[in-house]
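S.K.: Predicted model and sequence follow; I will ask about them next.
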Amino acid sequence: MTLVSALTLLAVAIDGYHPYAEDGGLYLAGVKRLLHPALYAHSAAFVLEPTRMSLFAPAVAAVVRASHVGLPVVLLVLHLASVWATLFAAWMLAARCWAGRDGGREARAGAVTLLACWLGLPVAGTALYVMDPYLTARSFAAPALLLAMVGALDATERSGANSAVRRRGFLVWAGSIAVAGAMHPLTAMYALGATLMLACLRAHRRSLRVWGTAALCGAAIVTAACAQILAMPESAEYVRVALTRTYWFPAEWRWYELVGLAAPLAILSVVGWRSEARSHILESRPFDKLRASYAAHAPIRALARMAVVAGATAWMVATLFARAGAATHLVARMQPLRVFQIVYPVMVLVLGAKLGEVVLKRSAWRWGAAVLILGGVMLGAAQAAFPDSRHLELPWIAPRNPWAQAFLWIRGNTAKDALFALDADYIHAPGEDAQSFRAMAERSALPDYSKDGGEASIAPDLTEAWAEGQAAQQGLSAAVTSTTGTTDAERIASLQPLGVTWVVLDARAATNLDCPYRNRAVEVCRQQRSR
């Protein structure tokens, strides 16, 4: 408990905390809508979409109402709790994998310490991290999927385990899958398949290990093929939305992102199948059953094999069916490579255990140096991802980011029913750091290209609204660089029919509109005819 608590603080110190950024802002806007139904009177469908199939937003809103401490503090506490739960679940998993061995304590500590240092590791090209530096539904699904593996190992344990341990393991597995399903159904679906595969690989009978695992792999491929064949036709506008999500299509990835898929599978293959190479002491025939049992039931080997087979199957499904040129993109929408959110933690635990067991051992200065080096690399990467924001955006500290400052001014100085327009891809503007306008400003905005495009790609019924909104905002700041003022009128003509009352422009944009707020990055202007 003490180690996990200390590592929780270390993990957050390394990864940072950005509650309004990226997907954190999407989920947070949904929570705010539940707490204050008057918010987001316009484009509410994009706010509510993340809440449609998840209990995350209602659960967080319920905690806020019950605690009376305010949403920002609740978000921070729940984020810390989710990191703690993830590391605790990792410790439980490590305890099953490296128990009763020489150096087992150092291996367990090394496994969880490396995971704490590398929680912010990007998962290949999937646009996901091992764990986000903000609170989302995935924050609760992450510890649940690790606990599901713990439960699966206990439920299939035979060496010296009694029925109570196996029964408890089954309950932990079932409960964890249920929690993951309530929070993030897609994660739960892949966790279910992976843990069933783990159970097959832990079976005593070789036939069940081989054919059960093969059946699960085949079922995944057949299901994907049937989904692709039976999928409803897609509109040309939806296809345009889908193709903006390049992380769906591995053929569109850069070479190093593909290495991010291959490297974990290679590392875990060595771990998963090394027992055969090291079982020379059991070569004689009387030890055949013992050798087979050792290979089948060693938890870490079973975990490694599961991760390799599940990851390879997901890669095959994505290669076959998640293609930009496919007739439909239903399989791509299901993002089969999310399975690597299971593969990566297993790989990190394996590497950390080996580091602790072989290199760090019981040397305090080695442990300190390892944390400084491994954590320092990830700290640098985390700060580079949000260069214009505070590393820890805590509730009681004013934001440093100029875009966030403008969004807070909007919250305090504009009407709640106001409708804003920003550049279609404002999330990627220099210095913006992916801060969510809706979550921070608590005002409605036309759908943007990036995050709302992600919502439309998952919910095709939002496609028309997304296309209209992002088209109207395309190049919004670039369109007013002329000093004649004529482009103000053009922009007003395109935005007024949509009911826009305010616009947020780049500070360098020339405009004759009334802009009551300006800073070094942005200006906030009333949407009215030029003076």
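M.R.: In hand now; what should we look at? Numbers count the residues shown, from 1 in each chain.

S.K.: number of nearby residues for residue 248?
M.R.: 25 (other C-beta atoms under 10 Å). Where you see a C-beta, it was placed from the backbone N, CA and C, and this is true even at glycine.

S.K.: Okay, it and residue 142: tell me how far apart.
M.R.: Plainly put, residue 248 is 21 Å away from residue 142 if you go by C-beta to C-beta, to the nearest Å.

S.K.: which helix of this structure spans the most residues?
M.R.: helix 71-97 (DSSP state H).

S.K.: what separates that one from the chain centre, distance-wise?
M.R.: In terms of C-alpha atoms, centre = their mean, to the nearest Å, the centre of helix 71-97 is found 15 Å from the chain centre.

S.K.: Could I get the buried residue list for that helix?
M.R.: 71-72, 74-76, 78-80, 82-97 (16 or more other C-beta atoms under 10 Å).

S.K.: repeat for stretch 18-36
M.R.: 18-34.

S.K.: who's in contact with stretch 192-212?
M.R.: 145, 148-149, 151-153, 155-158, 173, 177, 213, 216-217, 220, 292-293, 296-297, 302-303, 305-307, 309-310, 339, 342 (C-beta atoms under 8 Å, 6 or more residues apart in numbering).

S.K.: Of these, which count as buried by neighbour count?
M.R.: For these, buried by 16+ other C-beta under 10 Å: 145, 148-149, 151-153, 155-157, 173, 177, 213, 216-217, 220, 292, 296-297, 302-303, 305-307, 309-310, 339, 342.

S.K.: Confirm for me that residue 330 is in contact with residue 228.
M.R.: Yes: counting by C-beta atoms under 8 Å, residue 228 is a contact partner of residue 330 at 6.3 Å.

S.K.: For the residue nearest to the spatial centre of the chain, which residues are in contact?
M.R.: For the chain, residue 128 is the residue whose C-alpha lies nearest the centre (C-alpha atoms, centre = their mean; 4.3 Å). When contacts are counted by C-beta under 8 Å, 6+ apart, residue 128 touches 122, 138, 338, 341.

S.K.: State the helix or strand in which residue 273 lies.
M.R.: helix 255-277 (DSSP states H and E).

S.K.: Next SSE downstream of the strand or helix carrying residue 188?
M.R.: Using DSSP H and E, residue 188 sits within helix 185-201. Once helix 185-201 ends, the next helix or strand along the chain (criterion: DSSP H and E) is helix 206-207.

S.K.: separation between residue 34 and residue 28?
M.R.: Taking C-beta to C-beta as the measure, residue 34 falls 11 Å from residue 28.

S.K.: Over to residue 95?
M.R.: Counting by C-beta to C-beta - residue 95 and residue 28 are separated by 35 Å.

S.K.: quick one, phi psi at residue 128?
M.R.: The phi/psi pair for residue 128 (degrees, to the nearest 10) reads phi -120, psi 160.

S.K.: And it, what's its pLDDT?
M.R.: If you check residue 128, the pLDDT there is 92.

S.K.: Where in this protein is the helix or strand with the lowest mean pLDDT?
M.R.: Across the helices and strands of the chain, mean confidence by mean pLDDT, DSSP states H and E is lowest for helix 288-297: a mean of 46.

S.K.: and residue 409, how many residues sit next to it?
M.R.: 17.

S.K.: repeat for residue 163
M.R.: For residue 163, the count of nearby residues is 7 (other C-beta under 10 Å).

S.K.: again with residue 398
M.R.: Neighbour number of residue 398 under other C-beta under 10 Å is 9.

S.K.: Please name the residues that touch it.
M.R.: residue 405.

S.K.: mind checking the SS state of it?
M.R.: Of the three states, residue 398 takes coil according to DSSP: H, G, I helix; E, B strand; the rest coil.

S.K.: and residue 306, that's in a strand?
M.R.: No: assigned with three-state DSSP, residue 306 falls outside any strand and is helix.

S.K.: Who's the closest spatial neighbour of it, skipping the chain neighbours?
M.R.: Leaving aside its sequence neighbours, residue 306 sits nearest to residue 198 (C-beta to C-beta, 6 or more residues apart in numbering; 4.3 Å).

S.K.: Which residue is the nearest non-sequential neighbour of residue 86?
M.R.: Residue 86 sits nearest to residue 143 (C-beta to C-beta, 6+ apart), 4.4 Å away.

S.K.: Then residue 464?
M.R.: Closest residue in space to residue 464, ignoring its immediate chain neighbours: residue 237 at 6.8 Å, by C-beta to C-beta, 6+ apart.

S.K.: cool, and residue 447?
M.R.: residue 469 is the one closest to residue 447 (C-beta to C-beta, 6+ apart), at 3.6 Å.

S.K.: Would you agree that neighbour falls within a helix?
M.R.: Yes: applying three-state DSSP, one finds residue 469 inside a helix.

S.K.: list the contacts for it?
M.R.: Taking C-beta under 8 Å, 6+ apart, we find residue 469 in contact with 43, 424, 446, 447, 448, 452, 498.

S.K.: Next, format those as a markdown table and append neighbour count.
M.R.: Converted to a markdown table, the contacts of residue 469 look like this (neighbours: other C-beta atoms under 10 Å):
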| residue | neighbour count |
| --- | --- |
| 43 | 22 |
| 424 | 21 |
| 446 | 27 |
| 447 | 25 |
| 448 | 27 |
| 452 | 27 |
| 498 | 16 |
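
S.K.: Looking at the residues you listed, which are in helices?
M.R.: residue 452.

S.K.: Return the item of the contacts of residue 469 having minimum pLDDT.
M.R.: residue 43 (82).

S.K.: was I right about it contacting residue 448?
M.R.: No: if you go by C-beta under 8 Å, residue 43 and residue 448 don't touch, sitting 9.9 Å apart.

S.K.: where does stretch 259-279 sit relative to the chain's centre, distance-wise?
M.R.: On C-alpha atoms, centre = their mean, the centre of stretch 259-279 falls 25 Å from the chain's centre.

S.K.: List the buried residues of that stretch.
M.R.: Buried-residue list, stretch 259-279, by 16+ other C-beta under 10 Å: 260, 261, 264, 265, 267, 268, 269, 271, 272, 275.

S.K.: I'd like to check what contacts it. Which residues are they?
M.R.: Against stretch 259-279 from outside (C-beta under 8 Å, 6+ apart): 122-125, 250, 291, 294-295, 298, 300-302, 304-305, 307-308, 311-312, 315, 337, 340, 343-344, 346-347, 350-351.

S.K.: Just the ones in helices from these, please.
M.R.: 291, 294-295, 300-302, 304-305, 307-308, 311-312, 315, 340, 343-344, 346-347, 350-351.

S.K.: hmm, back to that, tell me the one of the buried residues of stretch 259-279 nearest residue 461?
M.R.: residue 261 (32.0 Å; C-beta to C-beta).

S.K.: Report all helices and strands that the longest helix of the chain contacts.
M.R.: Applying 3 or more C-beta pairs under 8 Å, 6 or more residues apart in numbering; DSSP states H and E, one finds that helix 71-97 contacts helix 2-15, helix 22-35, helix 56-67, helix 104-117, helix 137-155, helix 299-321, helix 340-354.

S.K.: if you set the cut-off to 7 Å instead, what comes out?
M.R.: helix 2-15, helix 56-67, helix 104-117, helix 137-155, helix 299-321, helix 340-354 (3 or more C-beta pairs under 7 Å, 6 or more residues apart in numbering; DSSP states H and E).

S.K.: still on that earlier bit, neighbours of the residue nearest to residue 86, how many?
M.R.: By other C-beta under 10 Å, neighbour count at residue 143 equals 24.

S.K.: Show the contacting residues for it.
M.R.: By C-beta atoms under 7 Å, 6 or more residues apart in numbering, the contact set of residue 143 is 82, 85, 86, 89.
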